[in-house]
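Undergrad: what shape does this take:
(one chain, ligands or ions: 1)
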Amino acid sequence: MNTMTTTTATTTAVLDASGVTMRFGGLTAVRNVDLTVNAGEIVGLIGPNGAGKTTFFNCLTGLYIPTEGKVSYKGTVLPPKPHLVTQAGIARTFQNIRLFSNMTVLENVLVGRHTRTKEGLFSALLRGPGFKKAEQASHARAMELLEFTGLAHKAKHLARNLPYGEQRKLEIARALASDPGLLLLDEPTAGMNPQETRAAEELVFAIRDMGIAVLVIEHDMRFIFNLSDRVACLVQGEKLVEGTPQVVQADERVVAAYLGTPFEGAPGAEEAAEVQAAEDHAAEDHAAEDQTTEDDADAPSTTRTNRTEGDTP
Ligand SMILES: Nc1ncnc2c1ncn2[C@@H]1O[C@H](COP(=O)(O)OP(=O)(O)OP(=O)(O)O)[C@@H](O)[C@H]1O
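TA: Numbers count the residues shown, from 1 in each chain. Here you go, the predicted model:
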């Protein structure tokens, strides 16, 4: 794999998300996020836990219907239906690996090809010449992808028997089987050792070199800053910063967001201040009530007896 190939980023937008907002009841998980991924680019999406990264991915891939905003792929607005999004050319992997564990490695990749096979149910049942040809082509493509991801020698193994790092690679191979123009990776190195992480980095570069743009969510900062042409940082559902890895790394607000240090103008800071003020107010009221109770308790017992007697019907 050639990791030295220079980026051939053009200004052609593969993905264009604009004003994406996702609310769950009273919680705004993603707020008015714009993000573009251009052809030939690797874009990183970072942010502390709960920042809204996966929710944003789910909005891009049709798993969630955004409360507001729209998502376009190569200039066409996507319908919020996962199979139509895949058909259009966006593939993804999941934070929690979702393989068919009792199927073989090869079968898992073949499942990923179904959006690209035109043969219908009858053709499959009759196993006519058209079906056999399509089946052979799918098989050849799946094996090619297993070669590409370094899993060809495990084609007949059950997916559940693969080590963790290889299961993540298999998820990528399956996503590539739909011949995407954009690949979304949700924490591809989670649970990997440093050696596997380096191999994953090489793999992502190779995918980009195949002409597939990549948007990747990751907590491993070294991985993301090494890999990405551009990085966007989400904090409390809002895009805080976007720029080159150098710009984002040097931004004090990003560091503060990760450390949980409050800073002026931080997303959610106003709401947090309101909540804090309400809590302080409630605490003051409580303290005042407690003081009144204490005063009552300190009062002479005769007064209490008299009042109780007087109050009792
Ligand atoms: N289906 C849902 N219903 C209600 N709230 C949700 C739902 N999905 C996510 N959330 C909430 O939205 C917020 C953002 O979650 P999300 O998983 O997108 O964050 P994240 O940045 O991917 O976090 P992590 O890095 O920990 O995976 C969280 O407060 C989460 O609890």
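Undergrad: show me which residues of the stretch 51-200 of the chain sit near the ligand.
TA: Applying C-beta under 6 Å from any ligand atom, we find that the stretch 51-200 of the chain lies next to the ligand at 51-55. (C-beta placed from N, C-alpha, C; glycine too.)
Undergrad: repeat that with 8 Å
TA: Applying C-beta under 8 Å from any ligand atom, one finds that the stretch 51-200 of the chain approaches the ligand through 51-58, 64, 95, 186-187.
Undergrad: among the residues you listed, which are located in strands?
TA: Those of those mapping onto strands are D186, per DSSP state E.
Undergrad: the residue nearest to P180 when sequence neighbours are not counted: neighbour count?
TA: Excluding its sequence neighbours, the residue lying closest to P180 (C-beta to C-beta, 6 or more residues apart in numbering) is A91, at 3.8 Å. Residues lying near A91 (other C-beta atoms under 10 Å) number 23.
Undergrad: thinking again about what came up before, mind putting the residues of the stretch 51-200 of the chain next to the ligand into TSV with distance to T197?
TA: Formatted as TSV, those follow (distance: C-beta to C-beta, whole Å):
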residue	distance to T197
A51	21
G52	24
K53	18
T54	20
T55	25
F56	23
F57	20
N58	25
Y64	29
Q95	16
D186	15
E187	11
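Undergrad: residue contacts, A17?
TA: Counting by C-beta atoms under 8 Å, 6 or more residues apart in numbering, A17 touches 33-36, 56, 59-60, 69-72.
Undergrad: which ones among these lie within helices?
TA: 56, 59-60 (DSSP state H).
Undergrad: could you chop the chain up by domain?
TA: Residue ranges for the structural domains of the chain, counted by automatic domain parsing, are given in the record as 1-89+180-267, 100-174, 269-298.
Undergrad: where along this protein do the strands fall?
TA: 13-24, 27-38, 42-46, 68-73, 76-77, 90-92, 182-186, 213-217, 230-235, 238-243.
Undergrad: is the second one in proximity to the ligand?
TA: Spelled out, that is strand 27-38. Yes - Strand 27-38 reaches the ligand (C-beta under 8 Å from any ligand atom) through 27, 29-30.
Undergrad: what are the pairing partners of that strand, and which direction each?
TA: In the sheet, strand 27-38 lines up against strand 13-24 (antiparallel) (DSSP bridges).
Undergrad: could you check how far the partner strand is from the centre of its chain?
TA: In terms of C-alpha atoms, centre = their mean, to the nearest Å, the centre of strand 13-24 is set 13 Å apart from its chain centre.
Undergrad: so for that strand, what gets flagged as buried?
TA: Residues 13-17, 20-22 are the ones in strand 13-24 that count as buried (16 or more other C-beta atoms under 10 Å).
Undergrad: re the thing from before, of the ones in helices among the contacts of A17, which is the most crowded?
TA: With neighbours defined as other C-beta under 10 Å, the most crowded of those is F56; it has 29 neighbours.
Undergrad: verify the stated contact: P245 with V231.
TA: Yes - between P245 and V231 a contact is recorded at 5.4 Å, counting by C-beta atoms under 8 Å.
Undergrad: between those two, which is the more surrounded one?
TA: Legend: neighbour count by other C-beta under 10 Å for P245 and V231, higher for V231 (27 against 17).
Undergrad: any idea what the more buried one is bridged to?
TA: Beta-bridge partners, per DSSP bridges, of V231: G44, G243.
Undergrad: for it, give me its contacts.
TA: 43-46, 224-225, 242-245, 248.
Undergrad: which residues of the stretch 201-313 of the chain score low on pLDDT?
TA: Scanning the stretch 201-313 of the chain for pLDDT under 70 picks out 259-273, 275-276, 290-313.
Undergrad: can you pull the residues of it lying near the ligand?
TA: Contacts of the stretch 201-313 of the chain with the ligand, taken as C-beta under 8 Å from any ligand atom, map to 217, 219, 234, 237.
Undergrad: can you show me the helices along the stretch 101-250 of the chain?
TA: Taking DSSP state H, counting those that start in this stretch as the criterion, the stretch 101-250 of the chain carries its helices at 105-112, 121-126, 129-148, 164-176, 194-209, 221-227, 245-250.
Undergrad: sweet, I'm off.
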